[in-house]
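J.: Below are the sequence and a predicted model; questions follow.
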Amino acid sequence: MENEIYQLQYAIDTFYFLVCGALVMWMAAGFSMLEAGLVRAKNTTEILTKNIALYSIACVMYLICGYAIMYDGTAFLSGIEAFDLGGILASKAEEGFEGGSVYSGASDFFFQVVFVATAMSIVSGAVAERMKLWAFLIFAVVLTGFIYPLEGSWTWGGQSVFGLYELNFFDFAGSGIVHLAGASAALAGVLLLGARKGKYGKNGSINPIPGSNMPLATVGTFILWMGWFGFNGGSVLKLADAANAHSVAMVFLNTNAAAAAGSLTALIVCKLTWGKADLTMLLNGALAGLVAITAEPSTPTALQATLFGAVAGVLVVASIVFFDKIKIDDPVGAISVHGVVGLFGLLIVPITNGDASFGGQIVGALTIFGWVFVSSFIVWSILKAVMGIRVSEEEEMNGMDLSDCGIDAYPEFVTVKSSS
């Protein structure tokens, strides 16, 4: 009888893990649609190419070495055959039956690999419209295969190099480990890359560069919102008992509440500040609420989650405006949404989680930012020196779809010159 219960729990927890992983994988479509909507039409095909390619690179690199680095600190380049994905947790399964996590090691890998792809997707939007495609893809290899896994090994992986566990650092689903990390890599790239041509005037003016497709950006945000239930809900790790099933339900509830509050407060701030309902800020407000609650979605009450999301909605609008004022060009607001609000999410964890400490959260955030930013800056700098990371002025003017892909996303709107 006990064995039958174990088999059932194993099946349910594994299936739940896989479904949540599929939801997080679907977030790749959300990032693609959001970014395609917020860039100009002439750069749409290129941004979609980047998103498909970076997801594929993340899957391959995490399989080859990333997962081993993150969860088995001795295996730097283990190779696919040497690293038994299916059996890594098998020895722990019987031990975990009494209250621990019981699921397939392969499902754990699948759930983790979509997280590393999410971190890389954050970089894509921030460097859009002026970065060379192949420089970006080479950086994706390094981030997904080494930079992110090593940072993850100090936090989720249990390789307590900087003593983060002893300092009571908590990040339930990755406000810092995924989102702050992705934004840190993006910031390093943006600083070396510079702003898009025409974004900032010589007299200090800020010139808006509107996106090409607001319906697409809106659909992308809804896809991300839906995928976030897998992102946060799957991080409970279990479903097949009453306590964990209730925890999953609360995580879903709090995730949704924070997103809704973030979008509304961003909308209200825009109306009070500029007298208009700015759709892009509304979308980023929803994402900010999601990022903020990701660090700890299980312990707040629904009201607390709503309040956290509301603050995040205000914070992201202020952050986007601030970065524009200091001339850091981020076409989709990724550094604000995932970086600034990701930090905020880490810092509010001790409010509802008594085991966390503000000191531990701050040290954890500094460790993540310091490692990812510095290592990314070095990699971007090498790429800049060796092959260049920015397209030519002519290529930027004509659009990267033409130079990188040779395919227009919206050919009906392209004026074809006569050969006569």
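T.: Structure received.
J.: what about Asp408, how many residues close to it?
T.: Other residues lying near Asp408 total 16 when counted by other CB atoms under 10 Å. For the C-beta atoms, the positions are set from N, CA and C on the backbone; glycine is no exception.
J.: repeat for Cys59
T.: Cys59: 18 neighbours (other CB under 10 Å).
J.: and it, what element?
T.: Element membership for Cys59 (DSSP states H and E) is helix 44-61.
J.: Only C-alpha atoms, please: export that helix in PDB.
T.: C-alpha atoms of helix 44-61 as PDB (Å, rounded to 0.1, in the frame of the first residue of the first chain):
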ATOM      1  CA  THR A  44      10.600  42.500 -35.900                       C
ATOM      2  CA  THR A  45      12.000  39.400 -37.800                       C
ATOM      3  CA  GLU A  46      15.400  39.900 -36.100                       C
ATOM      4  CA  ILE A  47      13.900  40.100 -32.600                       C
ATOM      5  CA  LEU A  48      11.900  36.900 -33.200                       C
ATOM      6  CA  THR A  49      15.000  35.100 -34.600                       C
ATOM      7  CA  LYS A  50      16.900  36.100 -31.400                       C
ATOM      8  CA  ASN A  51      14.100  34.700 -29.200                       C
ATOM      9  CA  ILE A  52      13.900  31.300 -30.900                       C
ATOM     10  CA  ALA A  53      17.700  31.000 -31.100                       C
ATOM     11  CA  LEU A  54      18.300  32.000 -27.500                       C
ATOM     12  CA  TYR A  55      15.800  29.500 -26.200                       C
ATOM     13  CA  SER A  56      17.500  26.700 -28.300                       C
ATOM     14  CA  ILE A  57      20.900  27.800 -27.100                       C
ATOM     15  CA  ALA A  58      19.800  27.800 -23.500                       C
ATOM     16  CA  CYS A  59      18.400  24.200 -23.800                       C
ATOM     17  CA  VAL A  60      21.600  22.900 -25.400                       C
ATOM     18  CA  MET A  61      24.100  24.700 -23.100                       C
END
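J.: Now tell me what touches it from outside.
T.: 25, 28, 31-32, 35-36, 39, 113, 116-117, 120-121, 124-125, 128, 133, 136-137, 140-141, 144-145, 212-213, 399-401, 404-405, 407-410 (CB atoms under 8 Å, 6 or more residues apart in numbering).
J.: Separate out the buried members of the residues you listed.
T.: 25, 28, 31-32, 35-36, 39, 113, 116-117, 120-121, 124-125, 128, 133, 136, 140-141, 144-145, 212-213, 399-401, 404-405, 408-409 (16 or more other CB atoms under 10 Å).
J.: Could you tell me which of those residues are located in helices?
T.: Among the buried ones among the contacts of helix 44-61, DSSP state H puts 25, 28, 31-32, 35-36, 113, 116-117, 120-121, 124-125, 133, 136, 140-141, 400 in helices.
J.: Counting by contacts, list what the helix or strand following the helix holding Cys59 packs against.
T.: Next in sequence after helix 44-61, counting helices and strands by DSSP H and E, comes helix 67-71. With contacts defined as 3 or more CB pairs under 8 Å, 6 or more residues apart in numbering; DSSP states H and E, the packing partners of helix 67-71 are helix 105-126, helix 148-155.
J.: average model confidence for the shortest one?
T.: Per-residue confidence for helix 148-155 averages out to 91 on the pLDDT scale.
J.: for Phe169, what are its contacts?
T.: 155, 356, 360-361, 363-364.
J.: redo that, cut-off 10 Å
T.: Listed by CB atoms under 10 Å, 6 or more residues apart in numbering, the contact set of Phe169 reads 154-155, 160, 162-163, 176-177, 346, 349, 356-357, 359-365, 367-368.
J.: cool, and Ala183?
T.: By CB under 10 Å, 6+ apart, the contact set of Ala183 is 119, 122-123, 126, 176, 190, 291, 330, 334-343, 369, 372-373.
J.: what distance separates the host helix or strand of it from the middle of the whole chain?
T.: According to DSSP H and E, Ala183 maps onto helix 181-193. Distance, stretch centre to chain centre, for helix 181-193: 13 Å (CA atoms, centre = their mean, to the nearest Å).
J.: So for it, what gets flagged as buried?
T.: Within helix 181-193, the residues scored as buried using 16+ other CB under 10 Å are 181-190, 192-193.
J.: I appreciate the help and will end here.
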